[in-house]
Structure formats: structure tokens, C-alpha cells
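Trainee: here is my input, please return the structure:
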Amino acid sequence: MKIVSYNVNGLRPRIAQFGSLRNLLNSFDADIICFQETKLRRQEVTADLVMADGYESFFSCTRTSEKGRTGYSGVITFCRVKSAFSSNEVALPLAAEEGFTGLVGNSRISKDKLSFCAEDLKEFSKDELLSVDNEGRCIITDHSHFVLFNVYGPRAVHDDGERIQFKKNFYRILQKRWESLLHQGRRIFVVGDLNIAPFAIDRCDAGPDFENDEFRKWFKSMLLENGGQFSDTYRAKHPDKKEAYTCWPQNTGAEVFNFGSRIDHILCAGSCLHESDDLQCHSFIRCHVKECDIMTQYKRCKPEKALSAHRWKGGRSIKLEGSDHAPVFMTLHEIPEVSLHSTPSLSSRYVPMVHGIQQTLVSMLMKRQVSEQTKSCNMIHEDIAMGSYCEREEPVNQTGLPAMCPSQCQFPPSQDSEASISEPNEISISPSQETVSKARREYGKSIARQCNKSKKKARNSQGSQLSLRSFFQKSTNLDIGVNDSCTGSLNNQAEPSQPDPHLHETPTVSDAYSDSSQQYELDTSAHDQDLAEPNGSSTKEEKSNMASLEWQRIQQLMQNSIPICKGHKEPCIARVVKKQGPNFGRRFYVCARAEGPASNTEANCGYFKWAASKSRNK
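Mentor: Numbering: from 1, shown residues only. Okay, here's the model as predicted:
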């Protein structure tokens, strides 16, 4: 039996990467596959995302409406089975539960719900219990011989007190659930991204305060060697293996030099399955875990591509396909079959919304809105065909035709409307009335033709490429914006303060040549005449040469304004501080190479310099 745990960093891109969900699942050749960070909202869950032939699935999505948390996290467990009914396969669970507090999804969990004593959670309020489960971070499946927890642990930075408290509650309540099951004599497997690297050997840049982290201390207290009841399966099989990482920062290219951490785990607790009077030399790890390792073949950056490491340049020169995590797996042996049973009611096959039977409010409102817009357009064109626009005043545009909003020009007048007008036998029409009716029809047709021409013109103008001149024309607003956001000198020294190492950074191209208002004004004024639009006799070749010349000038300007890192004497890359705080919005320059160990001269040299911009609010 094989169990895999994988933080997919978005289930949709992983499915797209492999072509289909079934291809993705089959690539692991595993019996139980646990995904974390699926990034699916409940109203977005469809069969192609959670169901595949030969697999039963159990998912949990975030239920919170908190800003920044919707469409975030999420876990799903896939079980490979031959039959979902009357099966004795261990991979098919006997029971399943969403969350671990016992409060989520009670309406869909009946007799197959795992037993849990709520008395153990009296110290927590109902709101606290619901909050930890509302982010879709856990699915529990009972496989008779063991209970499997698929967990996506929360992340909390050191200065975010609210999330730190959330993380504390999350693991304290989770521990209570584990203790309750162990007290009942059950075996427990915990798999997933716990967002905790337990030992210094599991972190690339473990500093002197590494061991003092409260969550790291909690993790270690759960292990057998420290009086706990769990075994870290990977370390049990590879106690001294270094640089065994499962996650790498995305914004620094750290995966190029394998500069990461081991935060994806498989933990085991409980007794051996053997029935013997003498179990002193027995343990579940020793008797039933054949292998546990990291599936490095799923890493984004392959070893053979390391030669491009020094040209990483903030991720622009190479494309890394895949998640920023690598899967971990465990293979078991001597696991006996279980009694006949069917898939639990929490299975995706029993969720109506997955099969499209139940409509969400959003989908219903969207369909109603589309229906009303279509009806409105049909009514408008009927009015046009009937000549109703001649009976009231309409605003007139520059073309001399009544102004119409784009939504009123979606469809040409229907043939049915024209036919109903031109039917001669339904009503007698005088010659003068017939003339007016004909004029109205012609007028309606001319409006429709004008609308179609306007639509085509708008599409063409949207698809056309802007001229370089449009980016460099002088205007009062532009000059004011540049003067407000830039200083007058490029020789300002870097400020002594450094950015937070945990900040989120976004490389910017335009920042590279917007450091100095003097350089900008000098460039635009010196070449103002050259940027004039070519006259009518200019050929396409002349226009192309003009564009090429201006692009060369832009590149030269960019090169002149970008500092050179001291370690490699190479141009730096510009980034922006995205983390809220005193430096929010500030630009800075760093070495363009991928992050790696300080001992590696090919890795990032650590160069840093604040840009001279004063764009942040003071």
C-alpha cells in the first residue's frame, strides 16, 4: 500500500500540467493520495476537478468570507479502489469527516461519522472551533486499521499576532482530537504540509534562534523521542540525510540551489498490527513501513537545468512548471484486508453540486442577468425595426446618429421583426404610411450597420499596438507624477535599513528606468522630434526602424539606472515591498541570481540597495 502527500499549490494548474485529473493521480501509482492547498471554492467544485475513474474522493474547501482567505487552502483525499460498494479494500474508508472539531458538515455526515468526545474541547468556544475548520484545512478518513488525517497547517509570520493565535488554536485542537483517538486504541497517520520544519537539519538557513520557535517545540513534543506518541516517518528511515527539502521559496529561485525546508510530513502513531504476546521489539514503523521518501522527480527545477542558475534574473529567464512543493510518500506492507463496506456519504459522488444538480446563488444570478440582457437587446432591436426611435428625441453623437450604449448593439434587427412589419395582408396601409414605414425600416437598418462598424473599429483599436511615442509624450500630469515619485539624483546611498526577509516582492520592469526625473526628462526632450509620427509617405520599414531605435534607447536608459551587484558585477533586479509597514511600496535592488547557501559563490551574493524613489506615502 502506498500513501502520497502533495501540496499542489492550486489543483487546477496541476491538472492542466498533466492533461487531466486522472493522469495526475495515476502518475503517483498510489492507493491514497492527499492534496493540500487546492485553492478551490465550494461553488467552483466540479466533477472534472474532484472525480476520476477508479478513485473515490473526499474534499474540504474554505468556508470563510474573510478577505484574502476565500479560494485559499483546501484539501482533498483520493482513494484508488476497484469498487465503491461492498469492498474489502483498505484504501476505501469506512467513514470520513470534514474538519476535526466535529462541527462542520454535520448535515452530510450521519452514522459513518467518526466518534469524538466534545467534552475534550470545553476550553474552546464554538466560534474558535468553527474558525479552525472553516478554512478547509483537514479531511479525516477512517480505514479501519488506521485513521488518516490530511492536514494543511496554517502559516503565521512572526509579527502577525492574529494568525499566530489562530495557528496555536489549530494545533491545540488538532492534538486534542489525536489524543481522543489514541485513547480509544486507534492508530493515526498524519500527512500533509504542516508548515513546520522540526529540526535544524530540515531547514537551509537555520539560525541561532531556530530551536526557540514555539511551534517547532510543539512538533518535537509530539515525537516518541521526546515523550510523545508519533514517529516522524521520514527521519525514522533517513535519520542523518541532509538537504532533504520539500518546499522552496518561489520569489527567490531558491529551488535552483535546493535552498529550502522540509515542512511536508508523514507521522505515525499507534501499535503494530501483529497479534503477539511479546510486542517489545515491535513497532508500526519497524514492522509495516517499508519506505518513506521525497518524490524529487516532481520538483520544478531539475538538476540538469542548474547551469541556468546564475541567469535566473528573478524568474524571467527560466520557467519552472509545477508546485513549489515536492510530494512525500510512504509504502506499507502486511496490511490485511477489512470487512465489506461501501464508500462514506461524504464522498464526492454524493455531493449534488459536483454533478451540477444543485445551482449556486451566483450561477443563478448570472444566468438571470444574461437572460435579462438578451431580452433587453431583443426589445431594443424590435423598437428599431418598428421605428420607435422616430417618436422621441435621442442624444446625437458626432456621426449624426442617435447615441447607443454598446449593450444595445449586440444583435442585428431580427428577421422576424421585419417580416411582421412587411406583411401586407394583416392591415391596410396608406401610401403615405407605407413610405413612413419604409423610411423607419431603412433607418433601423442604418443604425444596426453603424453599430456593427463601431464594434469592429473598437476591436481593431483594442488589438492594435500603441506607438512608442504615446509612452513618451510630454504632459503636465506625467511631469507632475515623475517629479513627485522620483528624486533628482542617482547617487543617493543605500539606506541602512533592510527589508523584512519574509516580505512578498514583485519584480518590476518599468521601475528599472524610472529612478531619475532628470534622466527621464532629458531623454524625452532630447528625442522629442524623433518620436514624431512618420508622415503619410513613410513606409512600414521606416516605422519599424523607428520603433527599434527607441527600444534601444529604452534599454540603454534601463541599463544606466540599474546598479551592479558587488558579488558578481552583474545588473541587479528591481523589486517592490508588498508587505504592509513603513516600507510598503518602496522599491529596492537585489542581486539577480537565485538564492542559495552562502558558501556557494554561484548563488545570490546578498547585495541590496534601496531605490531612490519616494513613491511611498509618508
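Trainee: how about low-confidence regions in the stretch 351-500 of the chain?
Mentor: Scanning the stretch 351-500 of the chain for pLDDT under 70 picks out 355-500.
Trainee: mind listing what residue 591 touches?
Mentor: 565, 567, 568, 570, 572, 573, 604, 605, 606, 607 (CB atoms under 8 Å, 6 or more residues apart in numbering). The way it works is simple: take the backbone N, C-alpha and C, and place the C-beta from them, glycine included.
Trainee: quick one: which of those residues sit in strands?
Mentor: Among the contacts of residue 591, the residues falling in strands (DSSP state E) are residue 573.
Trainee: any of the contacts of residue 591 buried? List them.
Mentor: Among the contacts of residue 591, those classed as buried by 16 or more other CB atoms under 10 Å are 565, 568, 570, 572, 573, 604, 605, 607.
Trainee: from residue 568, how far off is residue 601?
Mentor: Remark: distance between residue 601 and residue 568 (CB to CB, to the nearest Å) = 9 Å.
Trainee: could I get the contacts of residue 591 as JSON lines with distance to residue 150?
Mentor: JSON lines is the format used below for the contacts of residue 591 (distance: CB to CB, whole Å):
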{"residue": "565", "distance to residue 150": "43"}
{"residue": "567", "distance to residue 150": "43"}
{"residue": "568", "distance to residue 150": "43"}
{"residue": "570", "distance to residue 150": "44"}
{"residue": "572", "distance to residue 150": "42"}
{"residue": "573", "distance to residue 150": "38"}
{"residue": "604", "distance to residue 150": "35"}
{"residue": "605", "distance to residue 150": "41"}
{"residue": "606", "distance to residue 150": "38"}
{"residue": "607", "distance to residue 150": "42"}
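Trainee: closest one to residue 36 out of the contacts of residue 591, please.
Mentor: Distance to residue 36 across the contacts of residue 591 (CB to CB) is lowest for residue 604, with 28.5 Å.
Trainee: got the buried residues for stretch 43-58?
Mentor: For stretch 43-58, the buried set under the neighbour-count rule, 16+ other CB under 10 Å, comprises 45, 49, 50, 51, 52, 55, 56, 57, 58.
Trainee: redo those as a markdown table? Include distance to residue 15 and pLDDT.
Mentor: Shown next, in a markdown table, are these (distance: CB to CB, whole Å; pLDDT from 0 to 100):
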| residue | distance to residue 15 | pLDDT |
| --- | --- | --- |
| 45 | 13 | 92 |
| 49 | 7 | 96 |
| 50 | 10 | 96 |
| 51 | 12 | 96 |
| 52 | 10 | 97 |
| 55 | 13 | 98 |
| 56 | 18 | 98 |
| 57 | 13 | 97 |
| 58 | 18 | 97 |
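Trainee: so which of these comes closest to residue 592?
Mentor: For those, the residue nearest residue 592 by CB to CB is residue 49; the value is 37.2 Å.
Trainee: you'd agree that closest one is in a helix?
Mentor: Yes. Assessed by DSSP: H, G, I helix; E, B strand; the rest coil, residue 49 belongs to a helix.
Trainee: roughly how far does it sit from residue 12?
Mentor: 7 Å.
Trainee: among the buried ones among the contacts of residue 591, which one sits closest to residue 195?
Mentor: residue 604 (23.8 Å).
Trainee: I figured the closest one hits residue 593, correct?
Mentor: Yes. Contact criterion CB atoms under 8 Å: residue 604 and residue 593 qualify, at 4.7 Å.
Trainee: before we move on, back to that, distance to residue 179 for the buried residues of stretch 43-58 - can I get that in TSV?
Mentor: TSV is the format used below for those (distance: CB to CB, whole Å):
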residue	distance to residue 179
45	32
49	34
50	31
51	34
52	35
55	31
56	29
57	28
58	23
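Trainee: any idea how many residues pack against residue 265?
Mentor: 26 (other CB atoms under 10 Å).
Trainee: pretty sure it sits against residue 190.
Mentor: Yes. Here residue 265 lies in contact with residue 190, judged by CB under 8 Å, at a distance of 7.2 Å.
Trainee: beta partners of the residue nearest to residue 288 when sequence neighbours are not counted?
Mentor: In this structure, residue 288 finds its nearest non-sequential neighbour in residue 332, 5.2 Å apart by CB to CB, 6 or more residues apart in numbering. Counting by DSSP bridges, residue 332 forms beta bridges with residue 289.
Trainee: quick one, what contacts residue 332?
Mentor: Contacts for residue 332 (CB under 8 Å, 6+ apart) come out as 1, 2, 3, 288, 289, 290.
Trainee: what about it, distance to residue 184?
Mentor: Taking CB to CB as the measure, residue 332 falls 21 Å from residue 184.
Trainee: which residues in the stretch 101-250 of the chain form helices?
Mentor: For the stretch 101-250 of the chain, the helices defined by DSSP state H, counting those that start in this stretch occupy 126-133, 161-183, 214-221, 233-237.
Trainee: could you give me the buried positions within the longest one?
Mentor: Residues of helix 161-183 classed as buried by neighbour count (16+ other CB under 10 Å): 164, 166-167, 169-171, 173-174, 176-178, 180-182.
Trainee: how about low-confidence regions in the chain?
Mentor: Where the chain drops to pLDDT under 70, the residues are 67-70, 105-120, 276-280, 302-320, 355-538, 557-560, 613-618.
Trainee: go with 50
Mentor: The model of the chain has pLDDT under 50 over residues 106-111, 306-311, 315-317, 357-359, 381-431, 436, 475-532, 534, 614-618.
Trainee: okay, buried residues for stretch 341-360 please.
Mentor: By neighbour count with 16+ other CB under 10 Å, stretch 341-360 contains the buried residues 341, 343, 344, 345, 346, 347, 348, 351, 353, 354.
Trainee: got the contact list for the third one?
Mentor: Same thing as residue 344. With contacts defined as CB under 8 Å, 6+ apart, residue 344 is in contact with 58, 93, 94, 95, 96, 112, 141.
Trainee: if I look at it, how far off is residue 78?
Mentor: Going from residue 344 to residue 78 by CB to CB gives 14 Å.
Trainee: cool, the second one as well?
Mentor: Using CB to CB, residue 343 is found at 12 Å from residue 78.
Trainee: any residues in contact with both of these two?
Mentor: residue 56.
Trainee: residue 321 in helix, strand or coil?
Mentor: Here residue 321 is recorded as coil under three-state DSSP.
Trainee: run a quick neighbour tally on it.
Mentor: For residue 321, the count of nearby residues is 10 (other CB under 10 Å).
Trainee: repeat for residue 337
Mentor: 11.
Trainee: is it correct that residue 574 is in contact with residue 562?
Mentor: Yes. At 7.4 Å, residue 574 counts as touching residue 562 under the criterion of CB under 8 Å.
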